[in-house]
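> below are the sequence and a predicted model for it; my questions follow.
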Amino acid sequence: MVMDLDALKLEIRKYLNSQGVPDSLAVNILSAPVVTEGEPVAEYKKLFDIAAIDPNIPQVAELKIAGVKASSEYKDRDFAKYAIDGNPDTHFAAKGKGQSIIIDLGGKQEVSELDVKWYEGHLRRMEYEIYKHIEHTDPNLQWVRLGSALSSGTANNEYENHVFDHPFVTDSIKIVGLGNSLNSFMSIVDLKVKGKQLAEPQEPCADPHAHKDGSGNCVCDEGYEMKDGQCVKSGGGPDVPPTEGTVLYDSEADFKANVGKTLKKETAIGALKVLWPSHAGGGDQGPDNHKVVEVDINGQKIIQKELNGDKVRDYLNNFEVDPEGKNFQIEVDDFTLSPDSKDLSIKFGNHSLDGYIFGGFGFSLHPNDWESKNEYNHAETTSSNDGDEKSGKLPKPIKFDGKTLYSLIVRCQTVAGKHEKQMTAAVKYPNESNFTELTDNMPRIWTDDNWLKGTDAKNKKEFDDDVKSQSKKPADADEVAAGVYLGPLKRTWVRHNGKSKVGKLFYRKAVLSKIGEAAA
């Protein structure tokens, strides 16, 4: 009787099972390499590369993923692990054609399909290649190309299904990005591998920057070294995300160390260089507007930071202290504004490094009221695409007299279970020990889907026009143009607005802290 190849494989597999051979081992036996004169053939083709399929048993299910590794992660923030975290608010990104992400299945599994949810999948088409891993002593022959593919360009936050011509057995899959229709980024919101689980995945290394060597031992990835039981960046400290409640930066010690100094333009202070003056040049925003002074207020000597003029600001670089952060609060303690001042403003969001484009939340405290708004595209050239404003009356006035001290807390948080973020604020008045909530009944809400895609196409077009018209290209224009979302927060401003460019803001210190999600 003549038997076709699939039927033969199925019979051999069933026979091995009947003799007590575990199915995972039976697959390995069936996948033995072709041998010619005692040596595997150069391509290392396998006699039975496709495991036998029993039509009576459902074969396709989501496989467990032990871990992922990427050839690079954009600006050390769009991490590979975001491709498998199941969170629609995060995504993995790598810039440049030829960048790759490797999916570790934790052992040999039978793979039939690959599902990928591409970032901005409805705005651009992604070209990519898929490879499977095989065992071979020559590293150049360990990855076998399965083919290339092109995403639809129409999938809006949906998985795109790639079905392989034949199921195959491997322990790892690699996706190599060849660029998309807008730029060279490969960006993945989430991915799934489907097939048949042949063996329980091995436990991945607990350290995110470690991998297993040929003996199954966890060793640090390239560019990392073992220090105090952790894989840390070579020459750096532990790369561990801060936990809730961590104070990321407290400016008080830095202020004390700079008493009597005038901080020049772009002169950062602090070990991590997270606080520095406005980089805008000339006039009221020039280099002489940031001083650290000791003043006597109501008989109490206080060291304060002084900001002069119109729209002078201090920047806190959130990304420097928490690349993964989405939930922060900034507390500005013991501040006072001169009578020529207009307001104290706080902003959270993403801001191009050259300062031209900002997207995020804005909050302003005035003598009698507060206001807040979304800024989908705040540009310093042509136009800005801003959301509507919310405002409210203060429980009692703020005195802009240069001597009455107040404190302000502004928070930016993701909303649990929703694709939203919110801004809330609280103020502390003189001689009061507690903060009074200002926005508890009307927090500023940001819906992630609003960014760039906005409420209509007009926002996106105006934004694109702004990018094209910049006299100086933003440092991260590629990512901005592709659609930066209000995910990991990049920057916080402490800003002062003056009525006649002579107002002053003094504050004793600024504290940036990691906080948790907001309740739904």
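Nice, thanks for sending it over.
> which residues in the stretch 1-150 of the chain form helices?
Using DSSP state H, counting those that start in this stretch, the helices of the stretch 1-150 of the chain run over 5-18, 23-30.
> what's the weakest-modelled helix or strand in the protein?
When the helices and strands of the chain are scored by mean pLDDT, DSSP states H and E, helix 477-483 comes last with a mean of 37.
> downstream neighbour of that helix in the secondary structure list?
The helix or strand immediately downstream of helix 477-483 is strand 491-498, counting by DSSP states H and E.
> and that following strand, what does it pack onto?
Applying 3 or more Cβ pairs under 8 Å, 6 or more residues apart in numbering; DSSP states H and E, we find strand 491-498 packed against strand 312-317, helix 318-321, strand 328-337, strand 341-351, strand 504-514. Heads up, the C-betas are built off the backbone N, CA and C, glycines and all.
> what pairs with the fourth one, and is each one parallel or antiparallel?
Each strand that pairs with strand 341-351, with its direction, by DSSP bridges: strand 357-365 (antiparallel), strand 491-498 (antiparallel).
> how is this structure divided into domains?
As given by automatic domain parsing, the domain ranges for the chain are 1-56, 61-204, 247-441+488-514.
> ok, back up a step: out of the helices and strands packed on strand 491-498, flag the one nearest residue 82.
helix 318-321 (15.2 Å; Cβ to Cβ).
> packing partners of that closest one?
strand 247-250, strand 491-498.
> for those strands, which has the smallest mean pLDDT value?
Ranked by mean pLDDT, those end with strand 491-498 at the bottom, a mean of 86.
> can you name the residues in contact with that strand?
284, 307, 309-319, 328, 330, 332, 337, 340-351, 364, 503-505, 507, 510, 512 (Cβ atoms under 8 Å, 6 or more residues apart in numbering).
> if we go to 7 Å?
307, 309-318, 328, 330, 332, 340-349, 351, 503, 505, 510, 512 (Cβ atoms under 7 Å, 6 or more residues apart in numbering).
> between the helices of the stretch 1-150 of the chain, which gets the lowest average pLDDT?
helix 23-30 (a mean of 62).
> residues touching the closest residue to residue 443 other than its chain neighbours, list them.
What sits nearest to residue 443 in space, not counting adjacent residues and going by Cβ to Cβ, 6 or more residues apart in numbering, is residue 422, at 4.3 Å. Residue 422 makes contact with 413, 415, 443-445, 518, according to Cβ under 7 Å, 6+ apart.
> what about 6 Å?
413, 415, 443, 445, 518 (Cβ atoms under 6 Å, 6 or more residues apart in numbering).
> rewinding a little: between the helices and strands packed on strand 491-498, which gets nearest to residue 232?
helix 318-321 (16.1 Å).
> centre of the chain to that closest one, how far?
Here helix 318-321 is found 11 Å from its chain centre; the criterion is Cα atoms, centre = their mean, to the nearest Å.
> and the contacts of it?
Contacts of helix 318-321 (Cβ under 6 Å, 6+ apart): 248-249, 272, 274, 325, 489-492.
> nearest residue to residue 187 in space, please, no chain neighbours.
residue 119 (3.5 Å).
> circling back to that earlier point, which of the helices and strands packed on strand 491-498 has the lowest average pLDDT?
Taking the mean pLDDT of the helices and strands packed on strand 491-498, helix 318-321 comes last: a mean of 80.
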